[in-house]
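Chemist: Take a look and give me a structure for this.
(one chain, ligands or ions: 2)
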Amino acid sequence: MSTLITNIAELMTQDAEHRVLRDAAVVIEGERISWLGPAAGAPAADEAVDAGGRALLPGWVDSHTHLIFAGDRTAEFEARMAGESYSAGGIAVTTGATRSTSDFELTRLAMGRIAEAVSQGTTYLETKTGYGLDVENEARSARIASTVADEVTYLGAHLVPAGMDAEDYTELVCGPMLAAVRPYVRWADVFCEQGAFNEDQSRRVLQACKDAGLGLRVHGNQLGEGPGVRLAVEFGAASVDHVNYLSAADIDALAGSWSGWEDAGGTGSQVAGARWTGQRGTVATCLPACDLSTRQPLAPGRELLDAGVQLALASNCNPGTSYTSSMAFCVTTAVLQMRLSVHEAVRAATYGGALALGRESGKDVDGERAVGSIAVGHRADLHLLNAPSATHLAYRPGIPLTRAVWRAGVRAR
Ligand SMILES: N=CN[C@@H](CCC(=O)O)C(=O)O
Ligand SMILES: [Zn+2]
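Modeler: Ligands and ions are numbered 1, 2, ... in the order given. Predicted coordinates for the structure are as follows:
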């Protein structure tokens, strides 16, 4: 089955050359993109969709969410809006509610959140454990997550549960809990922050998870300067997320991690449809919806990009600090408040997320296709806007602009 999407006014590919095509068309065959180019030269297909002079983007890649939870933290949000500051302690409230909720209900809740995200243009999504915080409940969260999300991250090191010694809990996270979640997860994460896990504990978690063969991510520098970014770069983490409070040395370390990498225009071993395969660094993932909801200063995305750091934007959808799955809201905020161009913001929310998940290139075979950009052989994850250009995402803030979504070639909206 093939589908031709034609009459595309603006095709923002976010490919290796950052191409934006006008009056373009795309052909989907099965789960892959099989052709793109000028509409006038498009091949025939089994069915045709007239984009009506609208803009087509890669689907959003949301590389940071916490969707396996139950309960509600409206009261905490209200208190924050009245002037209280955010602390990691609220995680315990969600942990209590999550532990007392059935597998069926947790799955149903997570699926509902994912459906909400997909209906807004998200086509590839990571989610984390971290509201179980004991062996049984972390393993349960990981198992449920693996049935609903594209990528699963182990975040046993989210908070030391009440009544437990931090050292004992760190041992548990590095030992029996890791063994119990291992079959279900590809990534591990640690909340390296005051009130959560200190440098030594974070280091132990990262080392144990690396030894277990997991890719690494870090929640770092959210509430103040600290060792998160430094550790992430030292361990070769794929991403460090939040990055609100950065020293000059942190920015240098992140930029340095990409010094062996050439993005578009590199002269290295690029194969058709794939990207540069040089030494990759640590992506800085900014979470602007979270920054607004916690009244933290927005992460310095402009400065990071100017320093040569690869950037991602993600929703951080969770009940405490960022109860939204709207990637469009993140893009809008990145343009209006973080001074990214529309192209940069869309790139961070598509290709950047894919890079943060190691999915920016693939073998281009079923199940292992690149996501986050529109190129032949990549997964057909497409987002048609109800607007003639992506600029409308920032120009018309708050207006729902998703008109159609294809996820792995299947019409999802
Ligand atoms: N920073 C740590 N974890 C989440 C918040 C989780 C919560 O408060 O429930 C975050 O990414 O913001
Ligand atoms: Zn998070």
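Chemist: Could you tell me how many residues sit around the closest residue to ligand 1 within the chain?
Modeler: In the chain, the residue found nearest to ligand 1 is residue 320; the distance is 2.4 Å by CB to the nearest ligand atom. In this view, the C-beta of every residue, glycine as well, is placed from N, C-alpha and C. When neighbours are defined as other CB atoms under 10 Å, residue 320 has 24 of them.
Chemist: how about it, what does it touch?
Modeler: Taking CB atoms under 8 Å, 6 or more residues apart in numbering as the criterion, residue 320 is in contact with 73, 76, 86, 90-91, 94.
Chemist: Including secondary structure and neighbour count, could the residues you listed go into a markdown table?
Modeler: Shown next, in a markdown table, are the contacts of residue 320 (DSSP: H, G, I helix; E, B strand; the rest coil; neighbours: other CB atoms under 10 Å):
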| residue | secondary structure | neighbour count |
| --- | --- | --- |
| 73 | coil | 20 |
| 76 | helix | 19 |
| 86 | coil | 20 |
| 90 | helix | 20 |
| 91 | helix | 26 |
| 94 | helix | 25 |
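Chemist: Pick out the most distant pair among these.
Modeler: 86 and 94 (13.5 Å; CB to CB).
Chemist: Near ligand 1, which residues of the stretch 151-300 of the chain? Just list them.
Modeler: 191, 219, 222, 290 (CB under 6 Å from any ligand atom).
Chemist: Surely the second one is in contact with residue 239?
Modeler: No - taking CB atoms under 8 Å as the contact criterion, residue 219 and residue 239 are not neighbours in contact, 9.9 Å apart.
Chemist: still on that earlier bit, and the residue of the chain closest to ligand 1, which of the three is it?
Modeler: coil (DSSP: H, G, I helix; E, B strand; the rest coil).
Chemist: Could you report the pLDDT at it?
Modeler: For residue 320, the model assigns a pLDDT of 98.
Chemist: go on, residue 265?
Modeler: For residue 265, the predicted pLDDT is 43.
Chemist: hmm, who's touching the helix or strand harbouring residue 5?
Modeler: Per DSSP states H and E: residue 5 is located in strand 2-12. For strand 2-12, contacts defined as CB under 8 Å, 6+ apart pick out 20-29, 34, 36, 39, 42-58, 343, 346, 374, 382, 384, 388-390, 406, 409.
Chemist: For the residue most central in space within the chain, give me phi and psi.
Modeler: The centroid of the chain falls nearest to residue 63 when counting by CA atoms, centre = their mean (1.3 Å). When read as degrees, to the nearest 10, the backbone of residue 63 gives phi -90, psi 10.
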